[in-house]
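> I need the structure of the sequence given here:
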Amino acid sequence: MSRSQQTPFEYSFETRGDVLVLDLTDWSGGTEAMDEAEADWLSKAGRAHITATVTEFSPETTLGRETQDHLARAWSENAREANVEKLAFVSEGIKARAVSANLDVPQEIKTFKSVEEAVEWARE
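Numbers count the residues shown, from 1 in each chain. Modelled structure (predicted):
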């Protein structure tokens, strides 16, 4: 597991076999300081053995229009570059769906209520 030291929010990664799990539950939803987390994700998701990623959001994360536009652009670009097969998003409520609906990527995308379910699907 790795933790960021440079952003105003904490995030962490965990590798579960060939699945990369990103915990963004401390992220409020603002686009400031996302560059580091996004670059970190790309460097890890782009590794040859990683075939899928899971990103977990907090119920308190706010996804305003500016954030959704940023994620649609930056995360779509990063997902295409990482070349993973599947992307999963986890949250209570509609946050995961809001993110996944705005991505323009060739990967299979699905939303879940738990990380465990998402990882199981990603390994299929």
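
> state the phi and psi torsions of G64.
phi -70, psi 180 (degrees, to the nearest 10).

> what sits closest to it if chain neighbours are left out?
Take G64 and drop its neighbours on the chain: the residue closest to it by C-beta to C-beta, 6 or more residues apart in numbering is G29, 6.8 Å away. Where C-beta positions appear, they are placed from N, C-alpha and C, glycine not excepted.

> could you pull up the residues touching that neighbour?
61-64, 67 (C-beta atoms under 8 Å, 6 or more residues apart in numbering).

> in the chain, where is pLDDT below threshold?
In the prediction, the chain carries residues with pLDDT under 70 at positions 1-6.

> gap between the biggest helix by length in it and the chain center?
Determined from DSSP state H, the single longest helix within the chain is helix 65-82. Remark: helix 65-82 is offset 10 Å from the chain centroid, using C-alpha atoms, centre = their mean, to the nearest Å.

> you'd agree V119 is in a helix?
Yes: assessed with DSSP: H, G, I helix; E, B strand; the rest coil, V119 lies in a helix.

> wait, it sits on L20?
No: counting by C-beta atoms under 8 Å, V119 stays clear of L20, with 10.0 Å between them.

> give me the common contacts of those two.
Residues within reach of V119 and of L20 at once, by C-beta under 8 Å, 6+ apart, are V54.

> more crowded one of these two?
Set side by side, V119 and L20 show more neighbours around L20, with 25 against 20, by other C-beta atoms under 10 Å.

> mind telling me what element the more buried one is part of?
strand 19-24 (DSSP states H and E).

> skip ahead from that strand and say which helix or strand is next.
Next along the chain after strand 19-24, taking DSSP H and E as the criterion, comes helix 34-45.

> for the residue nearest to K95 when sequence neighbours are not counted, give the beta-bridge partners.
Excluding the flanking residues, the one nearest K95 by C-beta to C-beta, 6+ apart is F57, at 4.8 Å. Assessed by DSSP bridges, F57 has beta-bridge partners L24.

> so who does F57 touch?
Contacts of F57 (C-beta under 8 Å, 6+ apart): 24-25, 27, 89-91, 95-96, 99.
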